[in-house]
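S.K.: let's see this in three dimensions:
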Amino acid sequence: MTSTPALNPQNCPLCGQPNQCAMEVQLATGIPQPPCWCTQAQFSQDLLNQVPEAAQGKACVCAACAKGANS
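M.R.: Predicted coordinates:
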């Protein structure tokens, strides 16, 4: 039986690095945050298709992965 790692919404589902999501910071700390960088970002459908199904709608892609996909 193989186990899958637990989903951490504070990490990018593509590279595993912290995603710096302001919404997750606010949930974790209770401290109001400014709007997240991702609310103004454009994400290609190709990039979104790379997000594992278990993480879709649950963990943000980090800025580095988003930028790399748009280069």
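
S.K.: alpha carbons only for contacts and neighbour counts from here, please
M.R.: Will do.

S.K.: my guess is P18 contacts N11. True?
M.R.: Yes: contact criterion Cα atoms under 8 Å: P18 and N11 qualify, at 4.3 Å.

S.K.: for this structure, just list every one of the helices.
M.R.: In the chain, the segments counted as helices under DSSP state H are 22-29, 45-50, 63-69.

S.K.: name the nearest residue to N19, ignoring sequence neighbours.
M.R.: C62 (4.1 Å; Cα to Cα, 6 or more residues apart in numbering).

S.K.: residues contacting that neighbour?
M.R.: Contact analysis of C62 by Cα atoms under 8 Å, 6 or more residues apart in numbering lists 11-12, 17-21.

S.K.: kindly reformat the residues you listed as JSON lines containing neighbour count, distance to Q56 and pLDDT.
M.R.: Output for the contacts of C62, formatted as JSON lines (neighbours: other Cα atoms under 10 Å; distance: Cα to Cα, whole Å; pLDDT from 0 to 100):
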{"residue": "N11", "neighbour count": "19", "distance to Q56": "13", "pLDDT": "94"}
{"residue": "C12", "neighbour count": "23", "distance to Q56": "11", "pLDDT": "95"}
{"residue": "Q17", "neighbour count": "14", "distance to Q56": "16", "pLDDT": "95"}
{"residue": "P18", "neighbour count": "16", "distance to Q56": "16", "pLDDT": "93"}
{"residue": "N19", "neighbour count": "22", "distance to Q56": "14", "pLDDT": "91"}
{"residue": "Q20", "neighbour count": "18", "distance to Q56": "17", "pLDDT": "88"}
{"residue": "C21", "neighbour count": "23", "distance to Q56": "15", "pLDDT": "90"}
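
S.K.: which members of the residues you listed are the farthest-apart pair?
M.R.: Spanning the widest gap among these are Q17 and C21, at 11.4 Å by Cα to Cα.
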